[in-house]
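*Asks:* pasting a predicted model and its sequence here:
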Amino acid sequence: MHKITCPYCGERSEEEFKYAGPSHLERPIPASEVTDSQWAEYLFMRDNIKGISLERWGHIHGCSQYFNLIRNTVTHEIYGCYQMGEQPPEGWQKLGDKK
Amino acid sequence: MQHYSVFSLARNAMKHHEDWHKAWRSPPLKEEYEVVIVGGGGHGLATAYYLAKEHNITDVAVIEAGWLGGGNTGRNTITVRSNYLYPESAEFYDFSLKQYEILSRELNFNVMLRQAGLLRLSHSHHDVEMSRRAINAMHMNGVDAEWLTREEIIELAPGVNVSEEARFPIFGGMNQPRGGVARHDGVAWGYARAADDRGVDIIQQCAVTGFEKAADGSHLVVTQKGTVKAKKVALCVAGHSSVLAEMAGFRLPVTSMALQACVSEPLKPFIDTVVLSPDAGVYVSQSDKGEVVMGGGLDLYPSYAQRGNVHTLENIVAGIVEIFPKLRRVKLMRQWAGIVDIVYDSSPIIGHTPVKNMYVNCGFGTGGFKAIPAGGYTLAHTIATDQPHKLTEAFGLNRFETGAFIDEMGAAGIAH
């Protein structure tokens, strides 16, 4: 079982959290001009990354806050988190490389 | 192909079983094929078989990164059923079940189909109403389904917790008598052997690492064993569909998740029906070897790790013990997970991709095994004719733009 560090509450069991989709999806605007295929891209098409992925997580059985997690979908390793609205730290793609 | 029968068995027994031929060849990868199928699981092998059988296209290679049926085909809980709500799904999955019913004879390979029923328990009045609605929908679609009372369930599924104090009291259940189990390896091997017999090359231990374009517009499939040219390419790789799609330059509406299952130590036969409890979030069957096969819902987040999480396993086991209290002292023997391709509306994607002459079969999520014959049959049609098969017209990628979803979220009865 994993421990995930919530930026507000600290280290908690993974069962308290909920995966809430990929981070940095931008809703296309203005809605009246967005085509069906743009909606499909935004709503349904996913990178579904095998490797290091930027994800939105919610501490739903805790402080209810959402944040971004940098996580490896193959090893389940967690490299860190950053707040909503922020960009990932520089070089996040290489976080998995062995030092 | 060496014909399998009781006589060939007897003949080979006389020769100490030293005369059996290999079930399929292991040919070297040629430089060019008409069709290359990526993925040697059930769907990929069935596609190759039906391409050869129905469309006479035998210049085909099935390229598999690991070994045949070593992915989700060998990791599922072997259930076959067609208890879906919507007409499009019912037609597709019932076609599949009908193919399963003739498969052993057709392939000359025993896939050990056992149609002992698939029972979905109802634990509340609301559940009863939903099940009755589902039964009506299935009847409207021409699929067999019946309502069973509590007493009938006690008879059909001995050991189910029918106590008044049970956490999940039993109000009745919905049964599909034609549902049941089939041997998953048998399905993969049967299709592989029959496809090989018709000239299909099966290449194992050969991962695809990229796609390129040839000067004449054909595809170049880059693999560990060299680059192969193909007029048409089909992707049948379930949980890795997004990875292959990215190599080819498009995206899919798929999220890869781990789905777990486990088996107990072998027990004497006590149940032949597949029992499913939506409320407990589990399903159970007993294999021919006597092991109790158990499964539940998805793990909680996207994953490409074929192992699964402890607390999901804990939930499965807790649910099993609620429904079958007598299994509480039984030991688990094995646990595993497969990476399944989850789609928004829980329906498959079969047909064209944004890349010309590249086709996809994915999105079966947690229920691809039962669909192997239909998935292979319809994709073979699409590859051969470049047109969707009439069973899969509604299952194209374009539904994510039109919004014409076939939302089968509830059909499995487990929150997949």
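*Replies:* Perfect, thanks for sending it. Predicted model, so just to flag it, every value in this text is computed and none were measured. Numbers count the residues shown, from 1 in each chain, chains lettered A, B, ... in the order given.

*Asks:* next, A:P28: secondary structure please.
*Replies:* Per DSSP: H, G, I helix; E, B strand; the rest coil, the local secondary structure of A:P28 is coil.

*Asks:* neighbours around it, how many?
*Replies:* Here the count is done by other C-beta atoms under 10 Å in any protein chain shown, and A:P28 has 14 residues near it. (Each C-beta comes from the backbone N, C-alpha and C, glycine too.)

*Asks:* go on, B:M14?
*Replies:* Taking other C-beta under 10 Å as the neighbour definition, B:M14 ends up with a count of 8.

*Asks:* which residues of chain A lie near chain B?
*Replies:* Contact residues of chain A with respect to chain B, defined by C-beta under 8 Å from any C-beta of the partner chain, are listed as A:1-2, A:14-15, A:18-19, A:36-37, A:39-41, A:43-50, A:53, A:55, A:73-76.

*Asks:* what's the ChimeraX syntax to select whichever of these are buried?
*Replies:* Selecting the buried subset of the residues of chain A next to chain B in ChimeraX, with 16 or more other C-beta atoms under 10 Å in any protein chain shown as the burial test, is done by:
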select /A:2,14,15,19,39,40,41,43,44,45,46,48,49,50,53,55,73,74,76
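
*Asks:* wait, what's in contact with the residue in the stretch 51-200 of chain B positioned nearest to chain A?
*Replies:* The shortest separation between the stretch 51-200 of chain B and chain A is 12.8 Å, found at B:A65 (distances taken as C-beta to the nearest C-beta). By C-beta atoms under 8 Å, 6 or more residues apart in numbering or on different chains, the contact set of B:A65 is B:205-208.

*Asks:* what separates it from A:K94, distance-wise?
*Replies:* 26 Å (C-beta to C-beta, to the nearest Å).

*Asks:* what of B:S303?
*Replies:* To A:K94, B:S303 is 21 Å away according to C-beta to C-beta.

*Asks:* quick one: which of these two has more around it?
*Replies:* Per other C-beta under 10 Å, whichever of B:S303 and A:K94 has more neighbours is B:S303, with 28 against 8.

*Asks:* just list whatever residues bridge to the residue nearest to that one when sequence neighbours are not counted.
*Replies:* Spatial nearest neighbour of B:S303, chain neighbours left out: B:A258 (4.4 Å); criterion: C-beta to C-beta, 6 or more residues apart in numbering or on different chains. Taking DSSP bridges, one obtains B:I339 as the residues bridged to B:A258.

*Asks:* give me the neighbour count for B:A258.
*Replies:* Under the criterion other C-beta under 10 Å, the count of neighbours that B:A258 has is 25.

*Asks:* can you give me the pLDDT of it?
*Replies:* The pLDDT attached to B:A258 in the predicted structure is 96.

*Asks:* neighbours of residue 80, just the number please.
*Replies:* No chain specified, so I'll use chain A. Here the number of neighbours of A:G80 (other C-beta under 10 Å) works out to 14.

*Asks:* that answer is for a different chain, and I need it for chain B
*Replies:* Taking other C-beta under 10 Å as the neighbour definition, B:V80 ends up with a count of 28.

*Asks:* roughly how far apart are the closest residue to it other than its chain neighbours and chain A?
*Replies:* Leaving aside its chain neighbours, B:V80 sits nearest to B:K370 (4.4 Å; criterion: C-beta to C-beta, 6+ apart). The span separating B:K370 from chain A equals 24 Å under the rule C-beta to the nearest C-beta, to the nearest Å.

*Asks:* and the contacts of B:A65, which is closest to chain A?
*Replies:* Among the contacts of B:A65, and counting by C-beta to the nearest C-beta, the member closest to chain A is B:A207, at 12.7 Å.

*Asks:* now do the contacts for that closest one.
*Replies:* With contacts defined as C-beta under 8 Å, 6+ apart, B:A207 is in contact with B:65, B:223-224.

*Asks:* direction included, what does the host helix or strand of A:R56 pair up with?
*Replies:* Secondary structure assignment for A:R56, by DSSP states H and E: strand A:52-58. The pairing partners recorded for strand A:52-58 under DSSP bridges are strand A:18-22 (antiparallel), strand A:66-72 (antiparallel).

*Asks:* B:N175 should be in a strand, yeah?
*Replies:* Yes: with three-state DSSP as the criterion, B:N175 is located in a strand.

*Asks:* would you agree it is in contact with B:A145?
*Replies:* Yes: here B:N175 reaches B:A145: they are 7.1 Å apart, a contact under C-beta atoms under 8 Å.

*Asks:* which of these two has more residues huddled nearby?
*Replies:* A direct count of neighbours by other C-beta under 10 Å for B:N175 and B:A145 places B:N175 higher, at 26 against 23.

*Asks:* follow-up on the earlier one: tell me the pLDDT at the residue of the stretch 51-200 of chain B closest to chain A?
*Replies:* Looking at B:A65, its pLDDT is 97.

*Asks:* sec struct for it, please.
*Replies:* Secondary structure, three-state DSSP: B:A65 is coil.

*Asks:* what's the closest non-adjacent residue to the residue nearest the centre of chain A?
*Replies:* Most central in chain A under C-alpha atoms, centre = their mean is A:E55, positioned 1.1 Å from the mean C-alpha point. In space, and not counting its chain neighbours, A:E55 is closest to A:L69: 5.0 Å by C-beta to C-beta, 6+ apart.

*Asks:* neighbours of B:V36, just the number please.
*Replies:* When neighbours are counted by other C-beta under 10 Å, B:V36 registers 29.

*Asks:* quote the end-to-end distance of stretch B:13-28.
*Replies:* For stretch B:13-28, the first and last residues are 32 Å from each other (C-alpha to C-alpha, to the nearest Å).
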